[in-house]
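> generate a structure from the sequence data that follows.
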Amino acid sequence: MTRTPTRAVASAAAAATALLLAGCGSDGAQAGAADGVAVAAAFYPLQWAAERVGGDRVEVTSLTPPGAEPHDLELTPQDVASLSEADLVVYLEGFQAAIDEAVTEAGDAAWDAGQAADLSLTTTGEHSHEGETEEEHAEHAGEEEHAEEGHADEGGEVTDPHFWLDPTRLAAVGDALAERLAEVDPDGAATYEENAAALRGDLEALDAEMEQGLADCAVTTLVTSHDAFGYLADRYGLEVVGISGLSPSAEPSAASLAEISTLVRERGVTTVYTETLVDPAVAETVAQEAGVRTAVLDPLEGLTDESAGSDHLEVMRANLATLQEGQGCA
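Purely as a prediction, here's the structure:
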């Protein structure tokens with residue numbers, strides 16, 4: 001189960017009706033257009049980047065309600081139709097199946113942030129099923145096929161979309177977003193460029209802090225609830241083992257859990273990381289089996305009242321402190 005970055009889209013969960021209608025539905029979009037460019041962002045990191053780059057010239061709404069797990073997002077037909085009213089829809093192809101299907105309603109207004117993020121990390125999507133019954137194997141194989149649908153290339157590899165946990169990649173998306181907003185609103189081009197530069201400065205400062213803070217860690221294996229931290233690990237010289245793979249809702253086999261618990265003991269891992277927005281039970285089981293502690297590491301897929309900060313920068317710095325303690329960084 002040594003980690004190669006992964007990711008999945010799981011079906012289920014909360015409709016975004018009220019938020020969409022308020023921000024980019026028929027009435028909301030027309031009101032937003034009167035005040036500025038109406039932007040619909042798929043989930044929190046893209047919402048935050050759009051707000052920072054757009055500034056006062058944009059009205060940004062999130063298609064994923066606060067506290068909802070973005071992998072599980074479902075949209076009603078009315079929600080889908082409302083996307084045609086937005087001036088710009090910022091999404092990440094391959095991350096949320098419901099939005100991938102819905103952006104056709106946005107036409108030329110749809111913009112895939114993944115192209116600017118350089119989604120270079122992949123996995124074969126293979127999982128261990130040793131020791132499972134035929135029924136259990138069929139069930140998990142079905143979960144993985146659904147999770148990886150739309151994300152595998154001809155070689156069977158699955159793209160990891162969680163780029164925003166690498167500050168440098170998020171800065172690149174901010175720069176590209178400024179250019180895209182300038183196409184929608186040419187009068188604001190200078191403002192968008194200036195705001196993107198300020199965002200890049202903040203993210204480069206964060207990157208320098210993380211590089212220094214994670215430069216000398218006693219343990220370099222990062223065991224996480226699901227496979228969301230590949231770009232962070234790649235940037236700062238860590239190796240990730242995701243317990244649940246790409247999809248936080250997928251349940252690993254008993255054999256996989258035993259394999260990870262053994263790995264935790266053999267590599268001297270002292271902390272297994274649970275997440276916000278995801279049931280911690282599976283990660284807690286691994287930690288208990290291996291006799292180690294747990295700590296919360298936020299994949300920043302959405303903010304809640306329990307988040308360790310009020311925005312992306314604050315939560316990332318809280319993550320850094322958590323990692324320094326959990327990985328034994330000097």
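
> now R52. Nearest residue, chain neighbours left out?
Nearest residue to R52 in three dimensions, chain neighbours excluded: L199, at 4.6 Å (Cβ to Cβ, 6 or more residues apart in numbering). Where C-beta positions appear, they are placed from N, C-alpha and C, glycine not excepted.

> pretty sure that neighbour sits against V53.
Yes: using Cβ atoms under 8 Å, L199 makes contact with V53 at a distance of 6.2 Å.

> just for the protein, where's the confidence low?
Along the chain, the parts satisfying pLDDT under 70 run over 1-35, 123-156, 245-250.

> and the helix of greatest length in it, which residues are buried?
In the chain, taking DSSP state H as the definition, the longest helix is helix 189-213. Residues of helix 189-213 classed as buried: T191, Y192, E193, N195, A196, L199, R200, L203, L206, D207, M210, G213 (neighbour count, 16 or more other Cβ atoms under 10 Å).

> JSON lines for those residues, including distance to A321?
What follows is those, written out as JSON lines (distance: Cβ to Cβ, whole Å):
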{"residue": "T191", "distance to A321": "34"}
{"residue": "Y192", "distance to A321": "32"}
{"residue": "E193", "distance to A321": "33"}
{"residue": "N195", "distance to A321": "28"}
{"residue": "A196", "distance to A321": "28"}
{"residue": "L199", "distance to A321": "22"}
{"residue": "R200", "distance to A321": "23"}
{"residue": "L203", "distance to A321": "18"}
{"residue": "L206", "distance to A321": "13"}
{"residue": "D207", "distance to A321": "16"}
{"residue": "M210", "distance to A321": "11"}
{"residue": "G213", "distance to A321": "8"}
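
> quick one, helices of the stretch 1-150 of the chain?
Secondary structure of the stretch 1-150 of the chain by DSSP state H, counting those that start in this stretch: the helices cover 17-23, 26-35, 44-54, 77-82, 97-102, 114-117, 134-148.

> coming back round to it: and after the longest helix of the chain, which helix or strand comes next?
Note on helix 189-213: by DSSP states H and E, the next helix or strand toward the C-terminus is strand 221-224.

> still on that earlier bit, OK, contacts around the residue nearest to R52?
By Cβ atoms under 8 Å, 6 or more residues apart in numbering, L199 lies in contact with A49, R52, V53, A171, G174.

> I'd guessed the last one sits against E51; true?
This points to G174. No: using Cβ under 8 Å, G174 is not in contact with E51; the gap is 10.8 Å.

> between those two, which one's more packed in?
More crowded of G174 and E51, by other Cβ atoms under 10 Å: G174, with 25 against 18.

> helix/strand/coil for that one?
helix (DSSP: H, G, I helix; E, B strand; the rest coil).

> what of the one 4 residues further on?
Using three-state DSSP, the structure places A178 in helix.

> that one reaches N195, doesn't it?
Yes: under the criterion of Cβ under 8 Å, A178 makes contact with N195 at 6.9 Å.

> now do the shared contacts for the two.
Joint contacts of A178 and N195 (Cβ under 8 Å, 6+ apart) are V53.

> show me where the stretch 201-330 of the chain has helices.
Counting by DSSP H, counting those that start in this stretch, the helices of the stretch 201-330 of the chain are 230-236, 254-266, 281-290, 312-326.

> how many residues are close by D112?
Here the number of neighbours of D112 (other Cβ under 10 Å) works out to 17.

> which residues pair with it across the strands?
Beta bridges link D112 to Y91 when assigned by DSSP bridges.

> correct me, but it touches V89?
No: using Cβ under 8 Å as the test, D112 is too far from V89 to be in contact (9.6 Å).

> E59 contacts V39, correct?
Yes: using Cβ under 8 Å, E59 is in contact with V39, at 6.8 Å.

> neighbour count for the two, which is higher?
V39 (31 against 24).

> domains for the chain, by residue range?
17-118+166-204, 128-160+212-326 (automatic domain parsing).

> what about stretch 60-69, start to end distance?
Distance between the two ends of stretch 60-69: 19 Å, counting by Cα to Cα, to the nearest Å.

> in that stretch, which residues are buried?
Neighbour counts over stretch 60-69 (16+ other Cβ under 10 Å) mark V60, T61, S62, L63, T64, P65, A68, E69 as buried.

> roughly how far does the fourth one sit from E85?
In other words, L63. 13 Å (Cβ to Cβ, to the nearest Å).

> what sits against C217?
L238, L323, Q324, Q327, G328, C329, A330.

> most surrounded residue in those?
L323 (24 neighbours).

> any idea how far A228 is from it?
Counting by Cβ to Cβ, the separation of L323 from A228 is 14 Å.
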